[in-house]
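# Predicted coordinates and the sequence they were generated for:
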Amino acid sequence: MAVLEINNLSKYYREIKAVDELDLKVGKGSIFGFLGRNGAGKTTTLRMITGTAKPTGGEIFVCGDRVRFGSCAVNRHIGYLPDVPEFYGFMSPREYLTLCGRLYGFDKAKIDQRCGELLPLVGLDGIKRHIGSFSRGMKQRLGIAQALIHEPELLILDEPTSALDPMGRRELLKIMASLRGSLTVIFSTHILSDVERICDTIGMLEGGRLALSGNLEGIRQKYAGHKAIIEINGETQKADEFKKLLSEKPYVNKIESETPQRLVVTCKDLKALGADICPCLAGLSLALARFEQAEPQLEDVFMEVIKDE
Amino acid sequence: MSNLFTFTKKELYEQIKTFKGVAVAAVLLVFGMTSPLLAKLMPEIFKSADLGVALQIPDPTYLDAYAQFFKNIGEMGLIVIMLVYAGAVVSETTRGTATLMLTKRLSHSAFVISKFLSAAIVWTASYAGSAALCTVYTIYLFPEGKPSNLLFSLFCMWLFGVITLAAALFASAVFKSYILSAVGTFAVWGLLLVTSALPKIKDYTPAFLSSDNLKLLNGACPPDKFQIPIILGILLTALLLTLACIIFRRREL
């Protein structure tokens, strides 16, 4: 069963379509990377899931319950960390978590138990000073703790690592990775390396629509075979001629060359490329040093999807 | 209901920790303490200030002490209240602290009502302390006087303060900036005061509670005359809070 199901969801700000007839399903237990460039509609979608933004059309279900704008009924299933979480600066982390626990109707024993589990998990155990003096990274970590206080089925994290330094990012990703299997995580970001590190499924939003979605490995394989690295031994002039010959082939999309002897070829048909290389090289008296199918990086997929859209 | 209690408790804690509630209490207590004193000393002050004309100032009475008290509370006291509580909701929405609370099991209505309740508790406690100080000082400084309907008169001013708080919470839930919220609060308050100057309705408007409550002390106005303003004041408070909840619920965060 899908923990999150979005059907035909739209959100218009006057003429601007922030989210445009979006359909999305996120399965139980997955860490779902919600990708898209700035302004693609990621935060708007997440706000609609949490009931803090009103959809223009469509419907959202979390654990089978329909999300209604302005209602807090579905929030029992959701733990939410916005992109810039703001807390009551006069409280200590424990006081804040206690307030959150009380809002879910927990008694003192349950709150103590959850604080005892969560504060060490996010590295804030024993810190008694006020949240107002916290760094951005500490606030993000407390944000995760408050989102987890009621053991939600769905954890929504909106660009949690965007404004953190490398150390803070690493710590946060480690915490997020430790949650694998215990709940479903939706993790919005435009930092692709973070997604590659911890996500197993992704959805790529472009222009308010889902341009790509599915299993990360499947997507990698789908986009594999489109790129090859060719290294040759020979004179620069002849290498340039070889590059020219390749660029005339109908199945070649793009050739990037760091040096004349090293080419990165993006093409539609890798088999045809493989078959044509040797005759071309032989004709120019060049030797092939390396021919390798490049492992596609998420960034390449991202750029390709955005280009297509 | 338990969330309403939890969030009201948090609000009261915040008012202590951020000194907002302490500031309100301090201002009101100062008014309670100084009003009878000012009434007593006013003739002396005028005499000592050489104005160049001979002034005939009647001896002050307990009525002057309460008049001074109601004037201070009804003007400066309520202005302080409005400035402090006009930001109750809007400060949380603009800072973003409301988002984390409202994405938990706290309803928009409980959020607004908790803020109203905590403000009303601070107002009630501060006003009660202030009124008690004023009464004690008045008895001490003007032992001959015996006001009638004192508690009822104090209640009328308290209720007008509650209406003012509801106006502040309403504006705070409707507007998206503190400045607009403060202007909105003063606009509602101003409209109320204007109604007390309109001959046909002045005896029925909730503003009557603050403009004529002093007349209860010397028997110039019977308590019955306050029935309709009290009922309308309670209805206005309920209306402002209901509208605040409905509008806030429809607002995107």
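On my side now, so go ahead. Numbering: from 1, shown residues only, chains lettered A, B, ... in the order given.
# what about the closest residue to chain B within the stretch 151-300 of chain A, which SS state?
Proximity of the stretch 151-300 of chain A to chain B (CB to the nearest CB) peaks at A:Ile156, 8.8 Å away. The way it works is simple: take the backbone N, C-alpha and C, and place the C-beta from them, glycine included. Taking DSSP: H, G, I helix; E, B strand; the rest coil as the rule, one finds A:Ile156 in the strand state.
# Chain B against chain A: which residues are in contact?
B:2-3, B:6-7, B:10, B:14, B:17-18, B:95-97, B:99-108, B:249-250, B:252-253 (CB under 8 Å from any CB of the partner chain).
# List only those of those residues flagged as buried.
B:3, B:6-7, B:10, B:14, B:17, B:97, B:99-108, B:249, B:253 (16 or more other CB atoms under 10 Å in any protein chain shown).
# burial of A:Gly126, as a residue count?
9 (other CB atoms under 10 Å in any protein chain shown).
# which residues does the residue of the stretch 151-300 of chain A closest to chain B contact?
Counting by CB atoms under 8 Å, 6 or more residues apart in numbering or on different chains, A:Ile156 makes contact with A:46, A:49-50, A:78-81, A:147, A:186, A:188.
# 7 Å instead, please
Contact analysis of A:Ile156 by CB atoms under 7 Å, 6 or more residues apart in numbering or on different chains lists A:46, A:49-50, A:78-80, A:186.
# repeat for B:Leu165
Contact analysis of B:Leu165 by CB under 7 Å, 6+ apart lists B:81, B:85, B:116, B:119-120, B:123.
# A:Gly181: neighbouring residues, count only.
Here the count is done by other CB under 10 Å, and A:Gly181 has 8 residues near it.
# quick one, what contacts residue 25?
No chain in the question, so chain A it is. A:2, A:4-5.
# Chain B, not that one
B:122, B:125-126, B:129.
# what helix or strand does it sit in?
helix B:20-48 (DSSP states H and E).
# and if you look at B:Ile246?
helix B:227-249.
# Show me which of the contacts of A:Ile156 is closest to A:Ser10.
The nearest member of the contacts of A:Ile156 to A:Ser10, counting by CB to CB, is A:Ile49 at 13.9 Å.
# what bridges to the nearest residue in space to A:Val3 that is not next to it in sequence?
Once flanking residues are discounted, A:Val3 sits nearest to A:Thr184: 4.4 Å by CB to CB, 6 or more residues apart in numbering or on different chains. For A:Thr184, the residues forming beta bridges with it (DSSP bridges) are A:Leu154.
# ok, now how distant is the residue lying closest to A:Ser133 once chain neighbours are set aside from B:Leu154?
Spatial nearest neighbour of A:Ser133, chain neighbours left out: A:Gly89 (8.0 Å); criterion: CB to CB, 6+ apart. The gap separating A:Gly89 from B:Leu154 is 37 Å, by CB to CB, to the nearest Å.
# all helices of the stretch 151-253 of chain B, in order?
B:178-195, B:208-211, B:227-249 (DSSP state H, counting those that start in this stretch).
# Worst mean pLDDT among the ones you listed?
For these, mean pLDDT drops lowest on helix B:208-211, to a mean of 91.
# Centre of the chain to that helix, how far?
Its chain's C-alpha centre and that of helix B:208-211 lie 12 Å apart, by CA atoms, centre = their mean, to the nearest Å.
# got it, and stretch B:242-251?
23 Å.
# likewise stretch B:186-194?
That offset, for stretch B:186-194, works out to 13 Å (CA atoms, centre = their mean).
# Identify each buried residue in that stretch, please.
Here stretch B:186-194 shows B:186, B:188-189, B:192 as buried, counting by 16+ other CB under 10 Å.
# quick one: contacts of it?
Outside of stretch B:186-194, the residues within contact range by CB under 7 Å, 6+ apart are B:82, B:164, B:167, B:170-171, B:205-207.
# Now do A:Ile198 against A:Tyr80, distance only.
A:Ile198 sits 18 Å away from A:Tyr80 when distances are taken as CB to CB.
# Comparing the two, which residue is more hemmed in?
Per other CB under 10 Å, whichever of A:Ile198 and A:Tyr80 has more neighbours is A:Tyr80, with 27 against 17.
# Around A:Ser182, count how many other residues there are.
Using other CB under 10 Å, A:Ser182 has 12 other residues around it.
# quick one: which helix or strand includes it?
Using DSSP H and E, A:Ser182 falls within no helix or strand.
# Looking at the buried residues of stretch B:186-194, which one is closest to B:Pro147?
B:Leu192 (25.5 Å).
# quick one: that closest one from B:Met82, how far?
Taken as CB to CB, the span from B:Leu192 to B:Met82 is 12 Å.
# One more: A:Glu206?
Look at A:Glu206 and B:Met82: by CB to CB, they are 48 Å apart.
# just B:Lys176 next, same as before
Separation of B:Lys176 from B:Met82 (CB to CB): 18 Å.
# Tell me which of those two has more neighbours.
A direct count of neighbours by other CB under 10 Å for B:Lys176 and B:Met82 places B:Met82 higher, at 20 against 10.
# I'd assumed B:Ala168 was in contact with that one.
Yes. Here B:Met82 reaches B:Ala168: they are 5.3 Å apart, a contact under CB atoms under 7 Å.
# Now for the two: what residues contact both?
The contact lists of B:Met82 and B:Ala168 share B:Thr185, where a contact means CB under 7 Å, 6+ apart.
# where are the low-confidence patches of chain A?
Chain A contains residues with pLDDT under 70 at A:224-225, A:295-296, A:307-309.
# Identify those among the residues of chain B next to chain A that sit within strands.
Among the residues of chain B next to chain A, no member falls in strands (criterion: DSSP state E).
# Tell me the first helix or strand C-terminal of the helix or strand where A:Leu119 lies.
Assigned by DSSP H and E, A:Leu119 belongs to helix A:108-121. The first helix or strand that comes after helix A:108-121 along the chain, using DSSP H and E, is helix A:136-148.
# Show me how far that following helix is from its chain's centre.
19 Å.
# Which positions within that helix qualify as buried?
A:137-148.
# ok, which of those residues also contact chain B?
Among the buried residues of helix A:136-148, the ones lying near chain B by CB under 7 Å from any CB of the partner chain are A:Gln146.
# Tell me the one among the buried residues of helix A:136-148 nearest to chain B.
Set against chain B, the nearest of the buried residues of helix A:136-148 by CB to the nearest CB is A:Gln146 (6.4 Å).
# I figured that closest one hits A:Leu97, correct?
Yes. Counting by CB under 7 Å, A:Leu97 is a contact partner of A:Gln146 at 6.2 Å.
# how about the residue nearest to the spatial centre of chain B, what does it touch?
Computing the C-alpha centroid of chain B and ranking residues by CA atoms, centre = their mean puts B:Gly161 first, at 2.5 Å. If you count contacts by CB under 7 Å, 6+ apart, B:Gly161 has them with B:78, B:81, B:123, B:127.
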